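**Student:** Sharing a sequence plus its predicted fold:
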Amino acid sequence: GENVEQHPSTLSVQEGDSAVIKCTYSDSASNYFPWYKQELGKRPQLIIDIRSNVGEKKDQRIAVTLNKTAKHFSLHITETQPEDSAVYFCAASRGATNKLIFGTGTLLAVQP
Amino acid sequence: GAVVSQHPSWVICKSGTSVKIECRSLDFQATTMFWYRQFPKQSLMLMATSNEGSKATYEQGVEKDKFLINHASLTLSTLTVTSAHPEDSSFYICSAMGPGRNEQFFGPGTRLTVL
């Protein structure tokens, strides 16, 4: 079945630095790739998403890139701030079922 | 827009009892709702997909007789954990998706503790 791998599991950066989280998916039919931010005890919040017909998407300090050939997609956060500290999840789904398969999560800590 | 609520936000119950969790889409009609379970420091694991008016589709390894899902209307899905045991203690989160959209909108989650 579909599998999504996510790395690293933890990431610590200094405030102002960039953070990059990478995911790999197994199902070549996947066509939708959202990224979620989850704070402790809260619901996942969609921060950015990308569809398979696009290679890159940017929203202020956040960007996502997709390499369909390699089945990789990555989240880039620039100018990190302490409030960016949270667990980030990537996910993949395909149109037929719309089921989201989540990565294992990355705990991002931004040190002031 | 696109607000999803869950009730209750937390529940504590005795082993052997049943617990019902409600998931509502407040400002849109949700053709599909999903139920996830999340253990501490772990990812979200999809339990089942629920389409209005039809039987839920359960993921491999999820007992359909233990986790009863009902999606009777376009704005409400319920998950009933039957004969709950301590190992069922977890954070249960629903999501809802409107017609023709990929994006899922998540509820705030329900913390279930079984004593």
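**Tutor:** Perfect, thanks for sending it.

**Student:** all contacts plus neighbour counts: C-alpha atoms, from now on.
**Tutor:** Will do.

**Student:** So B:Glu52 sits against B:Thr78, correct?
**Tutor:** No. Counting by C-alpha atoms under 8 Å, B:Glu52 stays clear of B:Thr78, with 11.3 Å between them.

**Student:** Do you know the pLDDT at A:Gly1?
**Tutor:** For A:Gly1, the model assigns a pLDDT of 69.

**Student:** near chain B, which residues of chain A show up?
**Tutor:** Residues of chain A lying close to chain B by C-alpha under 8 Å from any C-alpha of the partner chain are A:32, A:42-45, A:89, A:95, A:98-105.

**Student:** Number of residues surrounding A:His80?
**Tutor:** You called it His, but residue A:80 is Thr. A:Thr80 has 22 neighbouring residues, counting by other C-alpha atoms under 10 Å in any protein chain shown.

**Student:** That one should be in a helix, yeah?
**Tutor:** No. Under DSSP: H, G, I helix; E, B strand; the rest coil, A:Thr80 sits outside any helix and is assigned coil.

**Student:** contacting residues around it?
**Tutor:** By C-alpha atoms under 8 Å, 6 or more residues apart in numbering or on different chains, A:Thr80 lies in contact with A:13-19, A:110.

**Student:** For it, which non-adjacent residue is closest in space?
**Tutor:** If the residues on either side of it in the chain are set aside, A:Thr80 comes closest to A:Gly16, at 4.7 Å by C-alpha to C-alpha, 6 or more residues apart in numbering or on different chains.

**Student:** what's the neighbour count on that neighbour?
**Tutor:** 15.

**Student:** give the contact list for it.
**Tutor:** Residues in contact with A:Gly16 (C-alpha under 8 Å, 6+ apart) are A:78-81.

**Student:** now those as a markdown table including pLDDT and distance to A:Leu66?
**Tutor:** Formatted as a markdown table, the contacts of A:Gly16 follow (pLDDT from 0 to 100; distance: C-alpha to C-alpha, whole Å):
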| residue | pLDDT | distance to A:Leu66 |
| --- | --- | --- |
| A:Thr78 | 97 | 17 |
| A:Glu79 | 98 | 21 |
| A:Thr80 | 98 | 21 |
| A:Gln81 | 97 | 24 |
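
**Student:** Enumerate the residues of chain B near chain A.
**Tutor:** Checking chain B against chain A by C-alpha under 8 Å from any C-alpha, the hits are B:42-46, B:49, B:93, B:102, B:106-109.

**Student:** Just the buried subset of these, written out for ChimeraX, thanks.
**Tutor:** Listed next is the ChimeraX selection for buried residues among those, using 16 or more other C-alpha atoms under 10 Å in any protein chain shown:
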select /B:43,44,45,46,49,93,102,106,107,108,109
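
**Student:** among the residues of chain A next to chain B, which ones are buried?
**Tutor:** Buried, going by 16+ other C-alpha under 10 Å: A:32, A:43-45, A:89, A:98-105, out of the residues of chain A next to chain B.

**Student:** Which parts of chain B are strands?
**Tutor:** B:4-7, B:10-13, B:19-25, B:32-38, B:45-51, B:57-58, B:67-73, B:76-81, B:90-97, B:105-106, B:110-114 (DSSP state E).

**Student:** Output the below-cut-off pLDDT ranges for the chain.
**Tutor:** Chain wasn't specified; assuming chain A. For chain A, the stretches with pLDDT under 70 are A:1, A:95-96.

**Student:** nope, chain B please
**Tutor:** B:1.

**Student:** okay, which residue is most central for it?
**Tutor:** B:Trp35 (3.7 Å; C-alpha atoms, centre = their mean).

**Student:** which ones are touching the nearest residue to B:Val3 once chain neighbours are set aside?
**Tutor:** Closest residue to B:Val3 apart from its sequence neighbours, by C-alpha to C-alpha, 6+ apart: B:Leu26 at 5.6 Å. For B:Leu26, the contact set (C-alpha under 8 Å, 6+ apart) comprises B:2-5, B:75.
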